[in-house]
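Visitor: the sequence and its predicted three-dimensional model are supplied below.
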Amino acid sequence: MTQTLACDVLVVGGGPAGCAAAYWLALAGRDVLLIERSTHPRERVCGDALTPVAVGELLDMGCDPSAARWHRHRGLRITAHGQSLEVPWPQGEQWPGYGVVARRSRLDALTFARAQSAGARMLTGTEVTAPLITDGHLRGCVATRLSPAPEEVTARARYVVIADGPRSHFGRALGTVRTRTYAQGLAMRAYFPTPRHAEPWIESVFALADHAGSQLPGYGWVFPVGDGTANVGVGLLSHHYGNEAISLERLFEQWIQQIPERWEIDPAGPRTEPAGGRLPMGGSVRPRSGPNWVVVGDAAGSINPWNGDGVGPALATGRLAAEVIGQALDADDGLELRHYEAELAARWQRYHHLGRLTTRALGRPGLMRKLTQLAIRSPRMGNLAMRVSTDLLQGSAGPLGPRSIYRTASGVARLWRDRT
Ligand SMILES: Cc1cc2nc3c(=O)[nH]c(=O)nc-3n(C[C@H](O)[C@H](O)[C@H](O)COP(=O)(O)OP(=O)(O)OC[C@H]3O[C@@H](n4cnc5c(N)ncnc54)[C@H](O)[C@@H]3O)c2cc1C
C-alpha cells in the first residue's frame, strides 16, 4: 500500500539544517512536512562544540542551552609547540559571549522538537529514496517507511528543501555536484572519561607530531561535554600535505597519545569506539537551488573551511531557505528562489574564498608551524585567528581591529584565481 501526503514545503532530512528550515517555515504559518530516516534520540558523529554564532541561532529558535543543561564554555584554548593561549569568546549583538558542547543526540532531539511544536509535520523512521519528477519538474519525493512495517510513501510538495547531510543522495539525483578541487574535511572522534569534563574552555591542538617528532597533518581537539566525558577528535583536510601516507584511524591513535596532560585522559582507558565522517566545506556544492528546490547545510557544502564548524552554517542556511521559500509562496513565483544563491554569496562567498586559500596554505607543514608559532605567542594574533576562524568579526571594528585586517586580507584574496 502507498500512503500519499501533500504539503507546500517538503524538507528532506531532520538534522540541524532541516529542522531550522522546518521551524522557520512552520513559525510563519507554512504547511511543512519533514521526512527523516532515523528516529530520535539518535547519534550523529560530530565534535559537539557550538560556537557563539551557532548558539545565537539556537536561541533565536527558542532552544535554551541552560534549560537543556548543555555544557557552557567561555572560549577557545589554542595549544601548539608546548604553549597554550586562552582566548575568550567576544559578545556580539547577534550572539552570546559563550559557546556550548552538546551531544548531538540531545541537540538534534531539541531542534526537532522545536520544529514540531512550531507546527511542522515530522515523519521519522522514513527513508526518502528518490525525487518524484513528472514532466521534468520536481513534485516531491518517494520514500519508504521503515517501521513498524515497511510502507511506501509519496509526498507531493510545491517546494523542497534538501537537507540530507554530507552525502546528499537526493541533491545528487537533482544534479548537485561537489567541486573536487575544494578541500573536504575528514574527522574522527571518540568520548573519553575525564575528571576535567566541566572545564570552561574547549581546546584545539595544532602542530601534532609522531613519536619520532615528525610533524603530522591535521589538528586535534578536546571538547569537555560536562557529563563525565570529553569529545576527543582529530581532523584533517583532503589537501593537507602528507595525509596521503596516513589513515584517519592511525592519525587518531597517534593524536590521543599526545592529549595535553591537564585533561587527565588515559588514551588506553575506556572510551567509545572512534567514529568518523566527511565535512563538505567552503560552499563546495553547486548548484544550491533549482526551479523549486534549495539545498542547505552539509548537503550544500556549507561547513566553515576555517575550523570545520557545520552546525552554525546548517542552522543559518536552513533559516535563509525558509525566508526565501516564504517569499516564493507569498509571490506565487518560484523565481524568488534565485535570491537564495545571491544571499549565500553576499553572506559567505568572500569568507569561504579566503578560508579556502588560508587552509591550502596551512596544509603546508612548514607554513603551518610558523603561523601557529606566531598565533600562540601573541594574544593579539591569537584573538585575530579565533575571531576570523569562527566568523565572529562583528563588533571588532577599528583601523587595526580584526575586522579591518580580515577585510584587507579578503580584498587581497580576491586577486587570487580560485583554484582551491
Ligand atoms: C567527526 C566530525 C566532527 C564534527 N565536529 C563539529 C563540531 O564540533 N561543531 C560543528 O559545528 N560541526 C561539526 N561537524 C560538522 C557537523 O556535524 C555538520 O556540519 C552538521 O551535522 C550538518 O548538519 P545538517 O543538518 O546539514 O546534516 P546532518 O546533521 O548530517 O543531518 C542530515 C539528516 O538527514 C537525514 N537523512 C539523510 N538521508 C536521508 C534520506 N534519504 N531520507 C531521510 N532522511 C535522510 C539523516 O538521517 C540526518 O538526520 C563535525 C563533523 C564530523 C564528521
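Guide: Right, received. Where do you want to start?

Visitor: and the longest helix for the protein?
Guide: If you go by DSSP state H, the chain has its longest helix at helix 311-331.

Visitor: give me the pLDDT value at the residue of the stretch 251-400 of the chain found nearest the ligand.
Guide: Nearest to the ligand, among the residues of the stretch 251-400 of the chain, is Gly310, at 1.7 Å (CB to the nearest ligand atom). Placement of C-beta: from N, CA and C, glycine included. Looking at Gly310, its pLDDT is 98.

Visitor: skipping adjacent residues, who's closest to it in space?
Guide: Nearest in space to Gly310, with sequence neighbours left out and distances taken as CB to CB, 6 or more residues apart in numbering, is Ile303 at 4.0 Å.

Visitor: I'd guessed that neighbour sits against Gly312; true?
Guide: No. Assessed by CB atoms under 8 Å, Ile303 is found out of contact with Gly312, at 9.4 Å.

Visitor: give me the more crowded residue out of the two.
Guide: Ile303 (28 against 25; other CB atoms under 10 Å).

Visitor: tell me the phi and psi of that one?
Guide: Phi and psi for Ile303, reported as degrees, to the nearest 10, are phi -60, psi 140.

Visitor: could you pull up the residues touching it?
Guide: 185, 279-282, 309-310, 313 (CB atoms under 8 Å, 6 or more residues apart in numbering).

Visitor: please report the distance of the closest residue in space to Ala68 that isn't next to it in sequence from Gly119.
Guide: Spatial nearest neighbour of Ala68, excluding adjacent residues (CB to CB, 6+ apart): Leu110 at 5.9 Å. In this view, Leu110 and Gly119 are 17 Å apart by CB to CB, to the nearest Å.

Visitor: the more surrounded of those two?
Guide: More crowded of Leu110 and Gly119, by other CB under 10 Å: Leu110, with 21 against 16.

Visitor: do you know the pLDDT at that one?
Guide: Here, the pLDDT recorded for Leu110 equals 97.

Visitor: contacts only, for Arg106.
Guide: Neighbour list for Arg106: 41, 68, 70 [criterion: CB under 8 Å, 6+ apart].

Visitor: hmm, which of these are the buried ones?
Guide: Buried by 16 or more other CB atoms under 10 Å: Trp70, out of the contacts of Arg106.

Visitor: Val12 contacts Ile35, doesn't it?
Guide: Yes. Counting by CB under 8 Å, Ile35 is a contact partner of Val12 at 6.0 Å.

Visitor: quick one, what contacts the residue most central in space within the chain?
Guide: In the chain, the residue lying closest to the centroid (CA atoms, centre = their mean) is Gly310, at 0.7 Å. Contact analysis of Gly310 by CB under 8 Å, 6+ apart lists 46, 279, 281, 297-298, 302-304.

Visitor: what are the phi and psi angles of His339?
Guide: phi -70, psi -20.

Visitor: next, the contact list for the closest residue to it other than its chain neighbours, please.
Guide: Excluding the flanking residues, the one nearest His339 by CB to CB, 6+ apart is Val324, at 5.3 Å. Residues in contact with Val324, defined by CB under 8 Å, 6+ apart, are 294, 336-337, 339-340, 343.

Visitor: Glu152 now?
Guide: The contact partners of Glu152, by CB under 8 Å, 6+ apart, come to 1-3, 142-145.

Visitor: now with 6 Å?
Guide: Contact partners of Glu152, counting by CB atoms under 6 Å, 6 or more residues apart in numbering, are Thr2.

Visitor: tell me the confidence at it?
Guide: 96.

Visitor: so where's the stretch 151-300 of the chain shaky on pLDDT?
Guide: Low-confidence segments of the stretch 151-300 of the chain (pLDDT under 70): 240-245.

Visitor: again, 50 this time
Guide: Of all residues in the stretch 151-300 of the chain, none has pLDDT under 50.

Visitor: what ranges do the helices span in it?
Guide: Taking DSSP state H, counting those that start in this stretch as the criterion, the stretch 151-300 of the chain carries its helices at 169-173, 248-256.
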